[in-house]
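Enquirer: generate a structure from the sequence data that follows.
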Amino acid sequence: MFEKSPADRYQAGAKALTKAEAVHRANLDRLHEAREARQAHQVTTLRRDCEKSERALQDALQAAHDAHRAYWTQRRDALRDELDRASLVIAEYDALALLAGDRAPHPALRYLQNLALDGRTGTNLLDQDVLATDGVPQEAPDSALLEDELGAWRP
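Expert: As a prediction, this is how the structure comes out:
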């Protein structure tokens, strides 16, 4: 009944990722401090905490990534009806071109290719960053902390 939108699911996933990073960073800092202070009696417990928070961070990153992908998949799929209608326009254009004496195999395709040469491409839309309208960035989520500190808690 009150299912979250794909954008809301992404926002929740990004927030959970940020929280998981903060927890893992705090655990790594406590472990580093215990090692520096030579508090061997705390290291084993702190290493276990780091292992758990690293796993939680990996899970949060995967969930955020999945939500990001689901959002963009939903946006793509929402255009299918328009794409179906466009296919009819393309077929009609080809038929009318044939009646007008154009003997090219695919006049509409040639026209669309010329538009692409003029800059109407997916790459240009991505470069202009005009698709991110619901607060969901084009780039997939990542975690520099996870990349930089993966396994740092190990002896």
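
Enquirer: so how far is T18 from the residue located most distally from the centre of the chain?
Expert: Most distant from the centre of the chain: G101, at 46.9 Å, with distances by Cα atoms, centre = their mean. Distance of G101 to T18, given as Cβ to Cβ, to the nearest Å: 62 Å. Backbone N, C-alpha and C define where each C-beta goes, glycine included.

Enquirer: what's the neighbour count on L126?
Expert: Using other Cβ atoms under 10 Å, L126 is surrounded by 12 other residues.

Enquirer: just how off-centre is the longest helix seen in the chain within its chain?
Expert: If you go by DSSP state H, the chain has its longest helix at helix 40-77. Chain-centre distance of helix 40-77: 15 Å, with Cα atoms, centre = their mean, to the nearest Å.

Enquirer: in stretch 23-32, what counts as buried?
Expert: Buried residues in stretch 23-32, defined by neighbour count with 16 or more other Cβ atoms under 10 Å: 23-24, 27-28, 31.

Enquirer: K15 versus the closest residue to A16 other than its chain neighbours, what's the distance?
Expert: Counting by Cβ to Cβ, 6 or more residues apart in numbering, the nearest residue to A16 once its immediate chain neighbours are dropped is A60, at 4.9 Å. Using Cβ to Cβ, A60 is found at 9 Å from K15.

Enquirer: over to D118?
Expert: 41 Å.

Enquirer: when the two are compared, which one has more neighbours?
Expert: More crowded of D118 and K15, by other Cβ under 10 Å: K15, with 12 against 9.

Enquirer: and the more buried one, what does it touch?
Expert: For K15, no residue meets the contact criterion (Cβ atoms under 8 Å, 6 or more residues apart in numbering).

Enquirer: backbone torsions only: list them for it.
Expert: When read as degrees, to the nearest 10, the backbone of K15 gives phi -70, psi -40.
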